[in-house]
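Q: Any chance you can model this:
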Amino acid sequence: MDALATGIAILGCVTGLSGFIISIRADRRATRADKRAAAADQRAIRAEEEGKRARQRELWTEVIGAAQDLAGAVVVYQDLRPLLVRLRIARTELVDGIHGAHYKQLGEWMAADHVVLAKLFDITMKKIEGRDWTLEQLEQAHRPAHDWVAASIVNLRVMRQLEPGPEAERQIGELIAAAHQALEHLEGDNMRMQDVV
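A: Below you'll find the predicted structure:
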(Lines give C-alpha, C1' and ligand atoms only; values in the text may rest on other atoms or scores of the structure.)
Protein backbone atom coordinates (compact mmCIF):
# COMPACT_ATOMS: atom_id res chain seq x y z
CA MET A 1 0.00 0.00 0.00
CA ASP A 2 2.91 2.31 0.73
CA ALA A 3 4.16 1.70 -2.77
CA LEU A 4 0.75 2.50 -4.18
CA ALA A 5 0.50 5.68 -2.10
CA THR A 6 4.00 6.66 -3.14
CA GLY A 7 3.16 6.01 -6.80
CA ILE A 8 -0.04 8.06 -6.53
CA ALA A 9 1.90 10.85 -4.80
CA ILE A 10 4.55 10.81 -7.52
CA LEU A 11 1.86 10.80 -10.19
CA GLY A 12 0.14 13.71 -8.41
CA CYS A 13 3.44 15.62 -8.31
CA VAL A 14 4.06 14.98 -12.02
CA THR A 15 0.50 16.05 -12.85
CA GLY A 16 0.82 19.13 -10.65
CA LEU A 17 4.20 19.97 -12.19
CA SER A 18 2.76 19.49 -15.68
CA GLY A 19 -0.16 21.74 -14.81
CA PHE A 20 2.23 24.32 -13.41
CA ILE A 21 4.36 24.26 -16.58
CA ILE A 22 1.25 24.47 -18.78
CA SER A 23 -0.04 27.45 -16.76
CA ILE A 24 3.34 29.23 -17.09
CA ARG A 25 3.27 28.70 -20.85
CA ALA A 26 -0.34 29.89 -21.04
CA ASP A 27 0.57 32.93 -18.95
CA ARG A 28 3.46 33.72 -21.31
CA ARG A 29 1.18 33.36 -24.32
CA ALA A 30 -1.40 35.61 -22.66
CA THR A 31 1.32 38.17 -21.86
CA ARG A 32 2.51 38.14 -25.49
CA ALA A 33 -1.10 38.46 -26.67
CA ASP A 34 -1.62 41.38 -24.29
CA LYS A 35 1.51 43.08 -25.64
CA ARG A 36 0.34 42.53 -29.23
CA ALA A 37 -3.10 43.90 -28.35
CA ALA A 38 -1.53 46.94 -26.64
CA ALA A 39 0.68 47.56 -29.68
CA ALA A 40 -2.36 47.23 -31.95
CA ASP A 41 -4.24 49.70 -29.75
CA GLN A 42 -1.35 52.16 -29.98
CA ARG A 43 -1.25 51.78 -33.78
CA ALA A 44 -5.01 52.37 -33.93
CA ILE A 45 -4.70 55.49 -31.76
CA ARG A 46 -1.85 56.82 -33.93
CA ALA A 47 -3.84 56.07 -37.09
CA GLU A 48 -6.88 57.86 -35.69
CA GLU A 49 -4.78 60.88 -34.70
CA GLU A 50 -3.10 60.95 -38.12
CA GLY A 51 -6.52 60.71 -39.78
CA LYS A 52 -7.74 63.63 -37.69
CA ARG A 53 -4.63 65.69 -38.57
CA ALA A 54 -5.07 64.82 -42.25
CA ARG A 55 -8.71 65.96 -42.15
CA GLN A 56 -7.70 69.20 -40.45
CA ARG A 57 -5.02 69.84 -43.09
CA GLU A 58 -7.66 69.14 -45.73
CA LEU A 59 -10.01 71.70 -44.14
CA TRP A 60 -7.24 74.34 -44.13
CA THR A 61 -6.48 73.48 -47.76
CA GLU A 62 -10.13 73.91 -48.75
CA VAL A 63 -10.16 77.43 -47.25
CA ILE A 64 -6.88 78.25 -49.00
CA GLY A 65 -8.29 77.04 -52.31
CA ALA A 66 -11.46 79.08 -51.89
CA ALA A 67 -9.38 82.17 -51.03
CA GLN A 68 -7.14 81.62 -54.06
CA ASP A 69 -10.19 81.83 -56.31
CA LEU A 70 -10.49 85.45 -55.17
CA ALA A 71 -6.79 86.26 -55.62
CA GLY A 72 -7.20 87.66 -59.10
CA ALA A 73 -10.93 88.27 -59.13
CA VAL A 74 -12.08 91.45 -60.87
CA VAL A 75 -15.51 92.73 -59.87
CA VAL A 76 -16.20 94.11 -63.34
CA TYR A 77 -15.77 90.74 -65.04
CA GLN A 78 -17.38 88.34 -62.60
CA ASP A 79 -19.92 88.05 -59.84
CA LEU A 80 -17.91 87.55 -56.66
CA ARG A 81 -20.85 86.41 -54.55
CA PRO A 82 -20.48 82.69 -55.39
CA LEU A 83 -16.75 82.91 -54.63
CA LEU A 84 -17.39 84.65 -51.31
CA VAL A 85 -20.09 82.09 -50.42
CA ARG A 86 -17.71 79.23 -51.24
CA LEU A 87 -15.05 80.84 -49.04
CA ARG A 88 -17.53 81.38 -46.20
CA ILE A 89 -18.67 77.73 -46.40
CA ALA A 90 -15.06 76.49 -46.35
CA ARG A 91 -14.31 78.73 -43.37
CA THR A 92 -17.38 77.44 -41.52
CA GLU A 93 -16.37 73.83 -42.16
CA LEU A 94 -12.87 74.64 -40.89
CA VAL A 95 -14.20 76.17 -37.68
CA ASP A 96 -16.60 73.25 -37.17
CA GLY A 97 -13.90 70.68 -37.93
CA ILE A 98 -11.07 71.96 -35.76
CA HIS A 99 -11.53 71.79 -32.03
CA GLY A 100 -9.26 72.42 -29.12
CA ALA A 101 -8.31 74.96 -26.53
CA HIS A 102 -5.87 76.67 -28.88
CA TYR A 103 -8.49 77.23 -31.59
CA LYS A 104 -11.16 78.92 -29.47
CA GLN A 105 -10.81 82.14 -31.48
CA LEU A 106 -10.61 80.51 -34.90
CA GLY A 107 -14.23 81.39 -35.69
CA GLU A 108 -13.68 85.03 -34.75
CA TRP A 109 -10.62 85.23 -37.02
CA MET A 110 -12.44 83.60 -39.94
CA ALA A 111 -15.44 85.94 -39.52
CA ALA A 112 -13.37 89.12 -39.17
CA ASP A 113 -11.14 88.20 -42.10
CA HIS A 114 -14.19 87.45 -44.25
CA VAL A 115 -15.81 90.77 -43.38
CA VAL A 116 -12.67 92.70 -44.30
CA LEU A 117 -12.40 90.86 -47.60
CA ALA A 118 -16.06 91.37 -48.50
CA LYS A 119 -15.86 95.04 -47.54
CA LEU A 120 -12.73 95.59 -49.64
CA PHE A 121 -14.36 94.06 -52.71
CA ASP A 122 -17.54 96.04 -52.04
CA ILE A 123 -15.56 99.29 -51.81
CA THR A 124 -13.73 98.37 -55.03
CA MET A 125 -17.02 97.72 -56.82
CA LYS A 126 -18.49 101.04 -55.68
CA LYS A 127 -15.32 102.84 -56.69
CA ILE A 128 -15.25 101.53 -60.27
CA GLU A 129 -18.93 101.21 -61.18
CA GLY A 130 -20.22 103.40 -63.96
CA ARG A 131 -16.79 104.33 -65.34
CA ASP A 132 -14.47 103.18 -68.06
CA TRP A 133 -11.22 101.99 -66.59
CA THR A 134 -7.99 100.87 -68.15
CA LEU A 135 -6.63 97.52 -67.14
CA GLU A 136 -3.93 99.25 -65.09
CA GLN A 137 -6.54 101.36 -63.28
CA LEU A 138 -8.62 98.25 -62.56
CA GLU A 139 -5.57 96.48 -61.15
CA GLN A 140 -4.81 99.50 -58.98
CA ALA A 141 -8.43 99.70 -57.77
CA HIS A 142 -8.36 96.00 -56.82
CA ARG A 143 -4.95 96.14 -55.14
CA PRO A 144 -6.23 96.51 -51.52
CA ALA A 145 -8.60 93.54 -51.90
CA HIS A 146 -6.03 91.42 -53.72
CA ASP A 147 -3.34 92.29 -51.17
CA TRP A 148 -5.70 91.24 -48.36
CA VAL A 149 -6.47 87.95 -50.14
CA ALA A 150 -2.74 87.29 -50.64
CA ALA A 151 -2.00 88.01 -46.98
CA SER A 152 -4.92 85.78 -45.91
CA ILE A 153 -3.60 82.91 -48.02
CA VAL A 154 -0.15 83.24 -46.46
CA ASN A 155 -1.68 83.33 -42.97
CA LEU A 156 -3.82 80.27 -43.70
CA ARG A 157 -0.81 78.36 -45.01
CA VAL A 158 1.21 79.23 -41.90
CA MET A 159 -1.63 78.14 -39.63
CA ARG A 160 -2.04 74.87 -41.54
CA GLN A 161 1.57 74.00 -40.70
CA LEU A 162 1.39 74.93 -37.00
CA GLU A 163 0.71 72.29 -34.43
CA PRO A 164 -2.08 73.12 -31.98
CA GLY A 165 -0.50 75.02 -29.13
CA PRO A 166 0.17 78.41 -27.62
CA GLU A 167 1.89 79.65 -30.80
CA ALA A 168 -1.20 78.94 -32.90
CA GLU A 169 -3.38 80.64 -30.30
CA ARG A 170 -1.09 83.69 -30.21
CA GLN A 171 -1.03 84.01 -34.00
CA ILE A 172 -4.80 83.75 -34.25
CA GLY A 173 -5.09 86.55 -31.68
CA GLU A 174 -2.73 88.71 -33.75
CA LEU A 175 -4.69 87.99 -36.94
CA ILE A 176 -7.94 88.96 -35.24
CA ALA A 177 -6.38 92.22 -34.06
CA ALA A 178 -5.12 92.95 -37.60
CA ALA A 179 -8.56 92.28 -39.08
CA HIS A 180 -10.27 94.53 -36.53
CA GLN A 181 -7.73 97.26 -37.21
CA ALA A 182 -8.41 96.96 -40.96
CA LEU A 183 -12.15 97.12 -40.28
CA GLU A 184 -11.72 100.34 -38.31
CA HIS A 185 -10.08 101.90 -41.37
CA LEU A 186 -12.90 100.69 -43.62
CA GLU A 187 -15.81 101.65 -41.35
CA GLY A 188 -16.88 104.60 -43.49
CA ASP A 189 -19.21 102.35 -45.48
CA ASN A 190 -21.23 101.27 -42.40
CA MET A 191 -21.19 97.63 -43.43
CA ARG A 192 -22.09 95.48 -40.48
CA MET A 193 -20.40 92.16 -39.78
CA GLN A 194 -23.70 90.26 -39.97
CA ASP A 195 -24.30 91.62 -43.49
CA VAL A 196 -21.55 89.46 -44.96
CA VAL A 197 -20.95 86.65 -42.48
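
Q: what sits against the residue positioned nearest the centre of the chain?
A: When C-alpha atoms, centre = their mean is applied to the chain, the residue found nearest the centroid is Gln56 (3.1 Å). Going by C-beta atoms under 8 Å, 6 or more residues apart in numbering, Gln56 touches 97-98. Placement of C-beta: from N, CA and C, glycine included.

Q: next one: whichever strand or helix holds it to chain centre, how far?
A: For Gln56, the host element (DSSP states H and E) is helix 2-68. Distance, stretch centre to chain centre, for helix 2-68: 33 Å (C-alpha atoms, centre = their mean, to the nearest Å).

Q: again with stretch 57-70
A: Using C-alpha atoms, centre = their mean, the offset of stretch 57-70 from its chain centre is 11 Å.

Q: same deal with stretch 111-121?
A: 21 Å.

Q: Which positions in that stretch come out as buried?
A: Applying a neighbour-count criterion of 16 or more other C-beta atoms under 10 Å, one finds 111-121 buried in stretch 111-121.

Q: again with stretch 124-132
A: Neighbour-count burial for stretch 124-132 [16+ other C-beta under 10 Å]: 124, 128.

Q: and what of stretch 56-76?
A: Using 16+ other C-beta under 10 Å as the test for burial, stretch 56-76 gives 56, 59-60, 62-64, 66-67, 69-70, 73-75.

Q: which of these lies closest to Ala151?
A: Nearest to Ala151, judged by C-beta to C-beta, of these is Ala67 at 10.1 Å.

Q: quick one: contacts for that closest one?
A: Contacts of Ala67 by C-beta under 8 Å, 6+ apart are 87, 149, 152-153, 156.

Q: Check the spacing between it and Asp147 real quick.
A: From Ala67 across to Asp147, the span is 13 Å (C-beta to C-beta, to the nearest Å).

Q: any idea which of the buried residues of stretch 56-76 is closest to Trp133?
A: Of all these, Trp133 sits closest to Val74, with 9.9 Å by C-beta to C-beta.

Q: Pull the contacting residues for that closest one.
A: Val74 touches 138, 142, counting by C-beta under 8 Å, 6+ apart.

Q: Now do the SS call for it.
A: Following DSSP: H, G, I helix; E, B strand; the rest coil, Val74 is assigned to coil.
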